Each structure stands twice: as C-alpha cells, then as structure tokens.
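# The following block contains a protein sequence and its predicted model.
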Amino acid sequence: MPKKSEKKSVKAAVEVVEAAENELYKSVRTILAKARETVYTVANTAMVEAYWNVGREIVEKQGGESRAKYGNGLIDSLAERLTAEFGPGFTRSNLRNMRQFYLMFPIRHTVCGKLSWSHYRTLITIEDVAAREYYFNECIAAKWSVRVLQRQIDTQFYERLIRNHSPKSSKGLVKRGTPDPRDLVRSPAILEFAGIDAPQYKEKDLEAALIKNMRMFLMELGRGFCLEAEQKKLRIGDETYSCDLVFYNYIARCFFLVDLKVGKVTPQDIGQMQLYKHYYEREMMRPGDNPPVGIVLGSSADSAVVKYTLNEHERNLFAVKYHLSLPTVEELQRELRRERAAIEEAVLLLKMKN
C-alpha cells in the first residue's frame, strides 16, 4: 500500500503535468486565435477593396453616375456571368450595392478595412452625407457590430444628437475635436432594451433595469462613458441626497450626473440637479476635469422645461425624455421637429433678453 508521502509526490507530479498542459494550451490557443483574426482581417480588407473596385469599374463603364440608367443592362449581363462563375454573391442587387459603395466612398484611402462589407452595405442606405460620415466614424471608434449600427440608424442616433444644436453648429459636429456636452447628450433617449412593458413602474425598477442592461445603456449614451456610482450619496449641509447614476466620460473629461424620473420632468427636478452639479463642481472635480453635466431623464418633458434647461447660466443641464419601446421613424421625426422648434424658440428668447 503506497505511503502518504508517495501519494503526495504522485499528486504533485500530476499537478505539474496539468499546469504544463494548461500553459501549453493557452499559448497555442493565443497563437491560433491571433492567426485566425489576422486571416479574417486580411480577407475582409481584400473583399471590401475588391467590391470597391468592382463598383468603380461599373460606374466607369456605365459612363458615370448621371448615365446609370443607360447602363443598367451592363449590370444585368455582368450579374448573370459572375454568378455562373463565382456563385450567388454577385446578384444584380449586390452589384448595385457595390456601385453605390463606390459612389458614396469615391476616395479609396478613406475606405476603412476595419469595417466589413456588411457595415458598408448598411452605411450606403444613409442618404444624408453628414449622418453617414458620423455613423462611419462611430463604427470605427466604438467598434460597432452591424447589428448595433442598424439599431443606431433605426433609432436615429445621429439625429437625436444634433437635436441639441442649431442647424449651423451641427454641421461641424463630426469633425470637432474636444466635444461640447451637447455632442454627448441625445434626446429623446431610447431605452427599449430595459425590457419594461408594465404600465405601472417605479424609478427603482427603471434604475435596476438599466443597471442590469448597462452595456446597452452605455451604447445608448455613446462613446467614452464608464459607470462611477449607483445611488451616489451627497451630504450637503444637514441633508443627504442620492444621485441615481454617476458616469465619467474620459473623452469630455467630466462627470455626467443622471437622475431618473417616472412622469414629467418638473422645475423642482431641474433645481435638484442644479444642486448636484454645483456640489460636484466644488467638491468632486479633479485637476483637468471639465464642469459636470446634469441629465434629468423623465418619461415626458414639455417645452417649458426645455426652455428652463437652456437658461444661460446652466448650459450643461439637460431635460431628456425617454422611450421604453422603439418608436417608429415617423414618430421620432415628429418629436425631434417639435423639440427643435422649442429649442430655437428658447434661443431666440435668450437673445431678445440680452
């Protein structure tokens, strides 16, 4: 019968072997995973470049963009012959997509190999040049999947952002360097991922749902956000207050304070957020930080509250309406037009006062 010391030696030897096997597996796995990623990247870049070149050839042989209809027969003939030789990836609709790809990205070096053909096929559906450029840049910077990109387009991610700007200032949004807080606050907010469909819910239910789906909430907020605290306790005088969610944005280099409200945002809610903002300005800002941004997130807000948030002394304070389900494009467009009109009216009133 083996002695205890012998059993320990055998066990130790087995552990050494297992450790060596695990270490070898991890090393080999890393090598193969990196090689697979490299192969995918190279293949994707080659495919995107090939489709761009196909699009260029089609446009040139058709006689340019203005004579596209005249050359439609060329696409039909090309699709038939390419499909016979290369398979179903070269249908008439796919070739038209390649043609459109070239027309919308005519400068070769601006085409990014980090995006897949599926990304570009989605991007070319966007007619507005500024919006397409914004989505293109965000896809690269935030590493959006095609599914995320489509979700952002469907919820008018860009349009909800420029809602905070005058038409003139929004034109330079994509190319600006250091972001203005208005470049990071979208209204209305679309929170369909929270999964709340009950007619009656409380603020704590909404907070719990957003925390549970924090990855999606951060995606809705935009780039550069990280969660700093939940129910942040603020001791001010003899009272203790709680800010529902506190984020830090490393791009804007400032805190974002978020309070959740069920129902209409009131002037009292705005006043409380002003208190939080002033506290953070005096007690929590670190060297190099920009002033904090306050967001009161409510299920409804009217133009009077919007005007209040645009007070000349509180430009970093926003009242934002949220939706718990996906509105239609038409509904969103109507809402954005109403809110833009309210903002422009408020700006006009401020100018008249000054």
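Received the coordinates, thanks.

# where does the stretch 151-300 of the chain dip in pLDDT?
Within the stretch 151-300 of the chain, the ranges that satisfy pLDDT under 70 run 164-179.

# now the helices for it?
157-162, 167-170, 203-212, 214-221, 267-279 (DSSP state H, counting those that start in this stretch).

# how does the protein divide into domains?
Listed by automatic domain parsing, the domain ranges of the chain are 1-105, 182-353.

# Grab the longest helix from the chain for me.
helix 4-62 (DSSP state H).

# re the thing from before, just say which of the domains of the chain is most tucked in.
Greatest average neighbour count among those goes to domain 182-353 (a mean of 16), per mean count of other Cβ atoms under 10 Å. Quick note: C-beta positions are derived from backbone N, CA and C, even for glycine.

# Please name every helix or strand in contact with the longest helix of the chain.
Using 3 or more Cβ pairs under 8 Å, 6 or more residues apart in numbering; DSSP states H and E as the contact test, the elements touching helix 4-62 are helix 72-86, helix 92-104, helix 117-123.

# The ones you listed: lowest mean pLDDT?
Mean pLDDT is lowest for helix 72-86 among the helices and strands packed on helix 4-62, at a mean of 86.

# Contacts only, for Ile153.
When contacts are counted by Cβ atoms under 8 Å, 6 or more residues apart in numbering, Ile153 touches Thr122, Thr125, Ile126, Tyr135.

# I'd say the last one and Thr125 touch.
No. Contact between Tyr135 and Thr125 fails when scored by Cβ atoms under 8 Å: they sit 10.2 Å apart.

# and stretch 136-150, how far apart are its ends?
Distance across stretch 136-150, first residue to last, is 12 Å (Cα to Cα, to the nearest Å).

# For Tyr135 and Thr125, indicate the residue with more neighbours.
Set Tyr135 next to Thr125 and count neighbours by other Cβ atoms under 10 Å: Tyr135 wins out with 22 against 12.

# For that one, which residues are in contact?
When contacts are counted by Cβ under 8 Å, 6+ apart, Tyr135 touches Leu123, Ile126, Leu149, Gln152, Ile153, Phe157, Tyr158.

# out of those residues, who's nearest Met219?
Nearest to Met219 among those: Gln152, at 8.2 Å, using Cβ to Cβ.

# Report how many residues lie close to that closest one.
By other Cβ under 10 Å, neighbour count at Gln152 equals 23.

# ok, now which ones touch it?
Gln152 is in contact with Tyr135, Glu138, Trp144, Tyr158, counting by Cβ under 8 Å, 6+ apart.
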